[in-house]
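A.B. asks: compute the structure for the input listed below.
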Amino acid sequence: MIAIMTNLIVDFPTQQRTVSRKSKRTFEQSLAQAAPSAPSSASAVQFASEVTIRYYEHAIDAGADASDLYYTKEDYKSFKSQHKQDVRQMIKIIESQDNEAFQKSVITGIENVLSRDLIKKTMARRADCVRAVLNEQDLQHDYYDADRLAAASMQYSRAAVQKSVKIGLMQSYV
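C.D. replies: Below is the predicted model of the structure:
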């Protein structure tokens, strides 16, 4: 099916919106700043006048049972069981100091549960992060500042972000 769309022009604002993390702007002020400027020929984009639209039948419409589209409790139990098994297997490899087996292993996703100390650190960081965000929410009685909430969260999640970046960089070189 082909739909004909003529004179479709999208105008992108010429200046980028910047947001100060320390500002306490209202939602209305943010919208006013982001309002599009007068259109200019340099910032206009024109799309093709014809598009092809393909319709795909939804799985339920095709006769599938709706319950087949979601995970069951048994599926979740299986996922948890497999996760525990992966952790136990990795701990055995680490304890055996089998470098060859360790090099072939993938620990992404289980690196924080390989020792009790790592588990405790992870749980403490999560609790600190939640506590910081809730405290910041309590401070914001008559205004809402998403930047301050984000800063409160980032204060306690910075180590996890840095670790994730390092893991991602290491995996990108493999």
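A.B. asks: what residues of the longest helix seen in the chain count as buried?
C.D. replies: The longest helix of the chain (DSSP state H) is helix 146-172. If you call a residue buried by 16 or more other C-beta atoms under 10 Å, then helix 146-172 has these buried ones: 148, 149, 152, 156, 157. To be clear about C-beta, it is placed using only N, CA and C from the backbone, and glycine gets the same treatment.
A.B. asks: can you check stretch 72-84 too?
C.D. replies: So, applying 16+ other C-beta under 10 Å, stretch 72-84 has no buried residues.
A.B. asks: how far off centre is it?
C.D. replies: 23 Å (C-alpha atoms, centre = their mean, to the nearest Å).
A.B. asks: where are the low-confidence patches of the chain?
C.D. replies: For the chain, the stretches with pLDDT under 70 are 1-43, 59-64, 66, 174.
A.B. asks: domain ranges for it?
C.D. replies: Domain ranges of the chain: 2-14+21-52, 70-114, per automatic domain parsing.
A.B. asks: tell me if residue 45 really is in a strand.
C.D. replies: Yes: counting by DSSP: H, G, I helix; E, B strand; the rest coil, residue 45 falls inside a strand.
A.B. asks: want to throw the buried residues of helix 146-172 into TSV with distance to residue 48?
C.D. replies: Below are the buried residues of helix 146-172 laid out as TSV (distance: C-beta to C-beta, whole Å):
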residue	distance to residue 48
148	44
149	42
152	46
156	48
157	43
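A.B. asks: tell me which residue is most central in this structure.
C.D. replies: residue 161 (11.8 Å; C-alpha atoms, centre = their mean).
A.B. asks: ok, now how distant is the residue nearest to it when sequence neighbours are not counted from residue 53?
C.D. replies: Leaving aside its chain neighbours, residue 161 sits nearest to residue 154 (7.7 Å; criterion: C-beta to C-beta, 6 or more residues apart in numbering). The gap separating residue 154 from residue 53 is 42 Å, by C-beta to C-beta, to the nearest Å.
A.B. asks: do residue 172 as well
C.D. replies: In this view, residue 172 and residue 53 are 36 Å apart by C-beta to C-beta.
A.B. asks: and for residue 170?
C.D. replies: Taking C-beta to C-beta, one finds residue 170 at 42 Å from residue 53.
A.B. asks: for residue 90, same thing?
C.D. replies: For residue 90, the distance to residue 53 - C-beta to C-beta - is 48 Å.
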